[in-house]
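Q: sequence and predicted model, in that order:
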Amino acid sequence: MRLGMVIDLYKCIGCRTCAVVCKQVNSQPPGTWWNRVFTPGSQHHQVAPRQTGRLKMSFLPVSCQMCDNPACERVCPVGATYTDEQGVVLVDLERCIGCRYCMSACPYGVRQFNWEDPKQAKEKAGYAKGYTYGYPFPQRDKKGRLVYTPNRPKGITEKCTFCVQYTSKGELPMCVQACPAGARHFGDLDDPNSTVGRLIRERETIRLLEELGTSPKVYYLSPNKPE
Amino acid sequence: MVKGGFKLTRRRFLQGAAAGGLMAGTGIFYRGKQGTAWSQEELRPKEVKFVRSVCSPNCTSACGIKAMVVDGQIKTLTPTNDYPEPEYGPRGCLRGLSFLNLMYGPDRLEKPMIRVGERGKGEFREVTWEEALDYTAEKLKEVAAKYGPDSIGFSFQVGGTGHVQKGAWIALSTMAGWTLLHPYDLNGDLPMFFPQTFGVQTEELEPIEWLNSRYTAVFGSNVMVTRLIDADLLNQSRVKGAKLVVFDPVYSATAAKADEWIRLKPSGDAALALCMARVIIEEELYDRDFIITYTDLPLLIRLDNGKRLKAEDVTGLSKPDIPDYREAYVAYNGEFLTVHPEQLDLPLNVKLFGQWEAPLKDGTTVPVKTAFQLLQEQLKEITPDYVEEETGVSWDTAVRLAREMAAAKPLHVIYGASNYQWYHGDLKGRALSLLPVLTGNIGKPGAGISTYAGQYRVRMDVKDWWFPATPKWTPWLYFLHGPTKEMVAPYPKNGLKGFVFGWHNPFDQHNMANRLREMAGNGELEFIVAMDFQRTTSCDWADVVFPAAGWYEKTELVTTPLHPYMQLQQPAVAPLGERKSELWMAREIAKRLDPGFEAHFFPGNDEQTAAEKAVDLILRTGGPPTAGITLERLKKGPVRMWSEGPNNRQVPFYEQFAHKKPFPPLSRPAALPATAQFVKSGRIEFYKDEDPFLRLGEELPVHKPPFAESEYRLLPEAKGKYTFAYITRNSLYRVHSTHSNNIWMNELEDGKAKVFLNPDDAAAKGIKEGDLVEVYNARGLVKGYAVLDPGMSRQMIVFEQGWWARYLKDTSYNSLTYPFIKPTHEVYFVPGMWAPNTAWNECLVDVRKAGEAV
Ligand code: SF4
């Protein structure tokens, strides 16, 4: 079993709902975004790139690419970053020492660092005293490693977990549940009958920075209308 | 690299990524100790519950949202997917799902406040409810005694967003004799061509029907942003073989998703639509039987006075027994025929073209032509040169698209609000209506014309809760502009002296020509009451501020014109601290004004119970639309209301088309006679013979260039001095002004209000990417940061509306706009249905680099 995601860029309307719901349910403090949506080639989202010829614009959501060959995992000096039995790249939050080698190694720039205590950061932003948002319960893997908790401490690294707190209960990652455009598919890439298995077999896909040999498990379908 | 030319090079990916600050700096940081305490603290047992509520900020999507409540706090808001049609799920967007930022954010109001400093400065003292309510009631009584109760205006937001809490204040206003300001025209969302052409407030095709369209022509609507929840249905319709064409001066996200984007000059839509109508008529691509049966185009027009020929004036014809709001006109098929306004069928040999002499009962004759003949003659003026000049679209392209549209059935036209919020927005709508009407695309699945702006519609009878006494209304624009000579709407004899508002931010959103702030500043408004769940910038202008319960803290009944689901906002948590629901506030003020008033508001019940009783009352007295709907059913999830179309789908004018019922269908809460007078013939009307239309040369749809009858008339020297059209569109990150202060939304746009302009225009003005610029005219000024957008047409500025003044260096973006009133909007007055509509985009400005650097 290799869990993966297929994002259909024809369907993606660039609305950033996935980024926001991700931030919310994963309790990300101000300034932290595990998931972002870009307009490739453009400095401003939903503004066409300046180029010669006909105007063109598409949108690109980017979160952890869940590489089969993850650069972050290789550089982690304490084995905090690991790949679980379903192929999901996770961070053992209790083991992370905050060296941020993984952040330099990751070619997608998706890892985020807790420069300050997230509770303090939230209070500073002006949320009601003592209030924090996000899925409220910690999540441990089968071996007891802490892979999600609402307020991560200062000084550790974090990123997308494919919503381990939901998927472990049989729910879809929240970006998949929430995508109003139906652009996101999630499932077992090894299962030819799964939606993701079928899409990568039948449709042409690309993966980001494939030439680096990272072998991501996040696939993208072309923004052009399918034939 | 994939076939079809999609590639994402490393460089291109990094460009996008770097722009978003994704490649944050790297350094080394060692955390001193292994954390354990932090990872254990969340383990204690907690009480968890889930509550289904509804997001209802007047974006019209009315999304069900699931709140996860733990120990009395909402922890997550996640989408719902419980609509019977899976196509409508999931619902909940970036704004609705980040509402926690507002609910638990820094701007929540906690306590009632009374102003101590100057208006607009935001200096208040916190007071008890008792003091706030007593003070407010006393002041309102004073204003009423001095100037009459109708000198107190109540301004609110559109009813569909919440019938119970808003209804409480509407009810109080009617009992107290105050003047109501209708939010639909206040917002500029009333598309005046709808009452003029179809006799209704507005009608819209529900989005699931987009899947049945074969051709969707979008004129100036950014569906992918403003209807993002349902936008996927347009993408899907293309996969099913439909064509999507976007006509817009801006290359928007919607244009990017279309088969074709046609760059149109701002407000050039009517010229283009008339050109296409000309092609459809000349090439006989129209649906003859449809036109004869459902429209006024076969009716005869008198050439002596431009009026329609009435049956009662013609020798041998008589007026049938019809209600006062109808009129019987005449058609010709070799003989003159009475056209009964309540029977759509006409002999199909009725002439669409021709001129005759009609014998009148006074012994004279009068030359007459069909309205269709007049239209055809008028369309001859729409020449290739004229079209290219007025629209920027080549004649060949226009002809090709006209043929395509006529051939593809069903055709659906989406005409966006930003496009009709112009002085001649009504004319553009009438011209665009020709496309679906001439081709017989009305009343059928996947067909028609829709505007999709505002949660205005009242879908059921609400009289028992809203109108315990007769309401008094006046249109908002008269409040800003002052009464006009042609005004038929009532206006309080001493003007408005007291101003009570809730659910909106009028001192930013409706401060046209800075009038509202001036009236508050110079004391013309003697008393101002604000109620809101947040301390908006408008609260700063009030004398008293009431802290309201927000969504997820109260009970409210929600509908939308977009989709026919009725839903319930349910309290997930109790209102924190001293916040109260608006119903409670209305009841408290009511009993202080007159002890007799209180009975209407379910006295003796706590605020939630009272609200549930109000829901129940509306359901019981709502008429056919609420038959069988109960509070209990609504507590479980969305309930689909009855619609007239096939498969219970909301297909506008289906009953007119299929059952030949006369136009218009009912627009609640108006009674049929009030709106049927708009289309006295009982048909779709393109020929308007009321005097203002004739005087202005607008009896038929025509193209008139922007600014000539508005800006240049108001200030002749504006011509040549202010040459940029100033367009305020909706932002992805806000619903109007709601979410202006949302922490996450501001992170997503770097906390900066943006001024979008074409790179060549920017170069000519010496403006560079990211510069702080000032957009200004003789009336006002707004500041923002320049975005050089190659998708913008020349000589236009786009500013995204909704920003609170505090994000604009305390400037007000509506200080630039002006409350123009068009005489054709004053022919009748039915609140929110035929009333002067705000033309936000009829505004000329110039732009310059501001003094300070970024
Ligand atoms: S803002 Fe509108 S689209 Fe977004 S969740 Fe709320 S109702 Fe839905």
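A: Looks like it arrived, so ask away.

Q: find the closest residue to the ligand in the stretch 351-500 of chain B.
A: For the stretch 351-500 of chain B, the residue closest to the ligand is residue B:455, as judged by Cβ to the nearest ligand atom, at 9.1 Å. Backbone N, C-alpha and C define where each C-beta goes, glycine included.

Q: now that residue. Nearest residue, chain neighbours left out?
A: The shortest distance from residue B:455 to any non-neighbouring residue, by Cβ to Cβ, 6 or more residues apart in numbering or on different chains, is to residue B:160 (3.7 Å).

Q: quick one: low-confidence parts of the stretch 1-150 of chain B?
A: Within the stretch 1-150 of chain B, the ranges that satisfy pLDDT under 70 run B:1-45.

Q: show me where it has its helices.
A: Ranges of helices in the stretch 1-150 of chain B, per DSSP state H, counting those that start in this stretch, are B:10-19, B:37-40, B:100-103, B:129-147.

Q: next: the stretch 501-650 of chain B.
A: B:506-509, B:515-521, B:582-593, B:607-621, B:631-636.

Q: and those as a markdown table, adding distance to residue A:21 and mean pLDDT?
A: Listed next are those as a markdown table, based on distance: least, Cβ to Cβ, whole Å; pLDDT from 0 to 100:
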| stretch | distance to residue A:21 | mean pLDDT |
| --- | --- | --- |
| helix B:506-509 | 27 | 96 |
| helix B:515-521 | 36 | 97 |
| helix B:582-593 | 29 | 98 |
| helix B:607-621 | 29 | 98 |
| helix B:631-636 | 24 | 98 |
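
Q: go through the ones you listed and name the closest to residue B:422.
A: helix B:506-509 (18.1 Å; Cβ to Cβ).

Q: what about the closest one, distance to the chain center?
A: Put simply, helix B:506-509 sits 16 Å off its chain's centre (Cα atoms, centre = their mean, to the nearest Å).

Q: same question, stretch B:818-838
A: 14 Å.

Q: quick one, helices of chain A?
A: In chain A, the helices defined using DSSP state H lie at A:17-25, A:71-75, A:101-105, A:118-125, A:164-167, A:174-178, A:195-202.

Q: highest mean neighbour count out of the ones you listed?
A: Here the criterion is mean neighbour count by mean count of other Cβ atoms under 10 Å in any protein chain shown, and of the helices of chain A the winner is helix A:17-25, at a mean of 27.

Q: what comes into contact with that one?
A: A:28, A:32-37, A:61, A:63, A:133-135, A:160, A:163, A:165-166, A:174-175, A:177-180, A:184, B:76-79, B:92-94, B:97-98, B:100, B:228, B:744, B:748 (Cβ atoms under 8 Å, 6 or more residues apart in numbering or on different chains).

Q: tell me the contacts of the closest residue to chain A within chain B?
A: Residue of chain B nearest chain A, by Cβ to the nearest Cβ: residue B:106 (2.8 Å). By Cβ under 8 Å, 6+ apart, the residues touching residue B:106 are A:125, A:126, A:127, B:741.

Q: show me which pair in the residues you listed is furthest apart.
A: Longest span within those, Cβ to Cβ: A:127 and B:741, 12.4 Å.
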